[in-house]
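1. Pasted the sequence and its predicted model underneath.
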Amino acid sequence: MSQSRFAAIILAAGNGTRMKSAIPKVMHPVAGQPMIAHLQQALEPLRPAATVVVIGPEMDEVARTVAPAETVIQDPPLGTGDAVRTALRTLEGRLAPRGGIDEVLVLYGDTPLLRGETLVRLLAEQQRAPAAILLAGMRPADPGPYGRLIPAPEGAIQRIVEGADATPEEYAIGLVWGGLMLIRASHVLELVEALDRNNAKSEFYLTAIVGLATHKGLQCRALELPAEEMIGINTRAELAEAEALMQWRLRRAAMDSGVTLVAPETVYLSADTRFGHDVIVEPNVSFGPGVTVGEGARICSFSYFEGASIGAGARVGPFARLRPGAVLEDEVHVGNFVEVKAARLGAGAKANHLSYIGDAEVGARTNIGAGTITCNYDGFNKHRTTIGEAVFIGSNTALVAPVTIGDGAYIAAGSVVTREVPADALTIARGQQVDKEGRAAEIRERLRGKNG
Ligand code: UD1
Ligand code: MG
């Protein structure tokens, strides 16, 4: 499809007052990643000619998150219209008729559920029947404070009125604006420059450009798009609503790709969770960011993962915790109350009960007995534990790092291992057992005599 060249402007400078938060609104995560990252991912395949993100002062974290997209600082944030004006300063020379950009796509940073294919629909509609401004309309169950799209003859839109400023008749309109619009580049500057602050909030409202355009005889239209993709997040309750919608989207995608979720409503996924075919996920499992699960793995209930890679055919949980840098190769078993961090377990290795494996390398087919701890921290620094292949670590062993265990070694239960163990050695590092024949009976006799 031949497509006009467009620049994207993402607004993210607002104070997010209604979130009552110390962090910028667009940095609040949905499915494990900041809202604004979702928008960027939807936009990316459309290859905008330029992307400018408008941020507020002291929002370096947002700038880092959206890089390499260009950022401009709106200081102070005087409203959505002022935000677009700030972005246009950096785009000016690139806009038609002087430059090659024909359209400006404005996106609000607080609408993380928008899909790329929906953006494509909006751009295609503008190609089919160009308007000076093409608005994304939606009909949410509760139109609440959203901007009402006031109709004009012949299906056009005359202006937008904020829910808060609407008359009862306007308020009753169900078609509202979803925080997404396409503006023809040849008109955008004059329209945005003409905005004023004559409204309840004394802000420059971007929405007022629709009325201005109509007044100039320019045509504004709306394309109705799915409401569940355009929910704007202004409060924590809306954040939770968006999270719930996104979770269902991700669960459905996982199931469609061949994953069994036994009780999908209890499984929490991140936008970047990746599964092979025939993975089975039992109820009550959380996947934080950065997790991949190989084909045929079984994830048992009440497990919690982040930054971890689980190999094909592995069996993990119930009650397992994999922290960043945990790599389980194929057919590894990690059982209940086992925590793995920054550690690789080679193919077929097993740690089935009650262990902490951190900053470690565990060779293939090694068995880690119940209660084994890698003592990786001395109060100041972290140290590594290296365990070879086919090692047997007896129950309740403390491996005091840095330490290396050679291939095929056998560590007796209850050992505290503080130095290197050679390959194939049997190591016993614990107090000796002493048996004093008959002494138990003697003690019993004595104590009984004393007591009566
Ligand atoms: C806005 C619209 C409303 C629409 C709704 C869709 C206006 C005046 N109202 O309301 O019609 O139905 O979105 O979700 O536009 N921002 C800046 N600089 C500012 C102010 C805001 O960059 O000075 C950014 C915010 O960070 C946010 C976006 O613009 O990402 C929208 O602002 P927000 O305050 O959420 O507007 P709404 O009240 O939701
Ligand atoms: Mg909003």
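-> Arrived safely. Ligands and ions are numbered 1, 2, ... in the order given.
2. okay, CA-based contacts and neighbour counts for the rest of this
-> Noted.
3. where are the low-confidence patches of the chain?
-> Within the chain, the stretches with pLDDT under 70 are 1-4, 452.
4. ok, 50 please
-> For the chain, applying pLDDT under 50 flags the ranges 1-2.
5. Enumerate the residues of it near ligand 1.
-> Within reach of ligand 1 by Cα under 6 Å from any ligand atom, the chain has these residues: 11-14, 54, 77-80, 83, 108-110, 146-147, 162, 177-179, 205-207, 232, 234.
6. Where do the helices of the protein begin and end?
-> Counting by DSSP state H, the chain has these helices, from start to end: 35-43, 60-66, 80-91, 116-128, 168-171, 185-193, 208-215, 236-256, 439-451.
7. can you redo those helices as a markdown table with mean neighbour count and distance to V291?
-> Converted to a markdown table, the helices of the chain look like this (neighbours: other Cα atoms under 10 Å; distance: least, Cα to Cα, whole Å):
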| stretch | mean neighbour count | distance to V291 |
| --- | --- | --- |
| helix 35-43 | 20 | 17 |
| helix 60-66 | 15 | 20 |
| helix 80-91 | 21 | 36 |
| helix 116-128 | 16 | 23 |
| helix 168-171 | 14 | 45 |
| helix 185-193 | 19 | 42 |
| helix 208-215 | 20 | 44 |
| helix 236-256 | 17 | 13 |
| helix 439-451 | 9 | 55 |
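8. do you know which of those helices lies nearest M138?
-> With Cα to Cα as the measure, helix 116-128 is the member of the helices of the chain nearest M138 (12.1 Å).
9. what does that closest one rub up against?
-> Residues from elsewhere that reach helix 116-128 (Cα atoms under 8 Å, 6 or more residues apart in numbering): 3-4, 41-43, 45-46, 134, 136, 182, 223, 225.
10. Mind doing that once more with 7 Å?
-> 42-43, 134 (Cα atoms under 7 Å, 6 or more residues apart in numbering).
11. Make a markdown table from the helices of the chain and add distance to E306 to it.
-> Putting the helices of the chain into a markdown table (distance: least, Cα to Cα, whole Å) gives the following:
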| stretch | distance to E306 |
| --- | --- |
| helix 35-43 | 18 |
| helix 60-66 | 19 |
| helix 80-91 | 36 |
| helix 116-128 | 26 |
| helix 168-171 | 45 |
| helix 185-193 | 43 |
| helix 208-215 | 44 |
| helix 236-256 | 16 |
| helix 439-451 | 52 |
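12. E361: which of the ones you listed is closest?
-> helix 236-256 (30.7 Å).
13. So what's the residue count around A50?
-> By other Cα atoms under 10 Å, 16 other residues sit near A50.
14. thought it was touching A7?
-> Yes. Using Cα atoms under 7 Å, A50 makes contact with A7 at a distance of 4.7 Å.
15. re earlier: show the buried residues in the residues of the chain next to ligand 1.
-> Among the residues of the chain next to ligand 1, those classed as buried by 16 or more other Cα atoms under 10 Å are 11-14, 54, 77-80, 83, 108-110, 146-147, 162, 177-179, 205-207, 232, 234.
16. any idea how far T386 lies from ligand 1?
-> In this view, T386 and ligand 1 are 48 Å apart by Cα to the nearest ligand atom, to the nearest Å.
17. just checking, that residue touches G363?
-> No. Applying Cα under 7 Å, one finds T386 not in contact with G363, separated by 8.2 Å.
18. ok, the two, which is more surrounded?
-> For T386 and G363, the more surrounded residue by other Cα under 10 Å is G363, and the numbers stand at 23 against 20.
19. Enumerate every residue touching the more buried one.
-> 345-346, 387-390.
20. From those, pick the one nearest ligand 1.
-> In terms of Cα to the nearest ligand atom, no member of the contacts of G363 lies closer to ligand 1 than L345, at 43.4 Å.
21. Run a quick check on that closest one versus E331, I expect a contact.
-> No. If you go by Cα under 7 Å, L345 and E331 don't touch, sitting 9.9 Å apart.
22. who's more crowded, those two?
-> Using other Cα under 10 Å as the criterion, L345 and E331 rank with L345 on top: 30 against 24.
23. Quickly list what the more buried one is bridged to.
-> Counting by DSSP bridges, L345 is bridged to L328, V362.
24. OK, contacts around it?
-> With contact set as Cα under 7 Å, 6+ apart, L345 has these partners: 327-329, 361-364.
25. repeat that for 8 Å
-> 327-329, 332, 361-364.
26. out of those residues, which are buried?
-> Using 16+ other Cα under 10 Å as the burial test, these include 327-329, 332, 361-364 as buried.
27. Now for these: which two are most distant?
-> Longest span within those, Cα to Cα: V332 and E361, 13.3 Å.
28. Common neighbours of the two, please.
-> Here V332 and E361 have 345-346 as joint contacts, going by Cα under 8 Å, 6+ apart.
29. Quick check, L180 in contact with Y108.
-> Yes. With contact defined as Cα atoms under 8 Å, L180 and Y108 form a contacting pair (6.5 Å).
30. Which of the contacts of helix 116-128 sits closest to ligand 1?
-> L134 (14.1 Å).
31. thinking the closest one is in contact with L182, fair?
-> Yes. If you go by Cα under 8 Å, L134 and L182 touch, sitting 5.1 Å apart.
32. Nearest spatial neighbour of R139, chain-adjacent residues omitted?
-> Spatially, and ignoring its direct neighbours in sequence, R139 is nearest to L175 (5.0 Å; Cα to Cα, 6 or more residues apart in numbering).
33. Tell me how many other residues surround the residue in the stretch 251-400 of the chain that ligand 1 sits nearest to.
-> Distance from ligand 1 to each residue of the stretch 251-400 of the chain (Cα to the nearest ligand atom) is smallest for A271, at 20.3 Å. Neighbours of A271 under the rule other Cα under 10 Å: 19.
34. Check the gap between the closest residue in space to it that isn't next to it in sequence and G258 for me.
-> Once flanking residues are discounted, A271 sits nearest to A31: 5.4 Å by Cα to Cα, 6+ apart. Per Cα to Cα, to the nearest Å, A31 is found 20 Å from G258.
35. Show me where the stretch 151-300 of the chain has its strands.
-> 157-161, 176-184, 220-224, 260-261, 267-268, 274-275, 280-281, 285-287, 292-293, 298-299 (DSSP state E, counting those that start in this stretch).
36. List the strands paired with the fifth one, with their directions.
-> Here strand 267-268 is paired, per DSSP bridges, with strand 285-287 (parallel).
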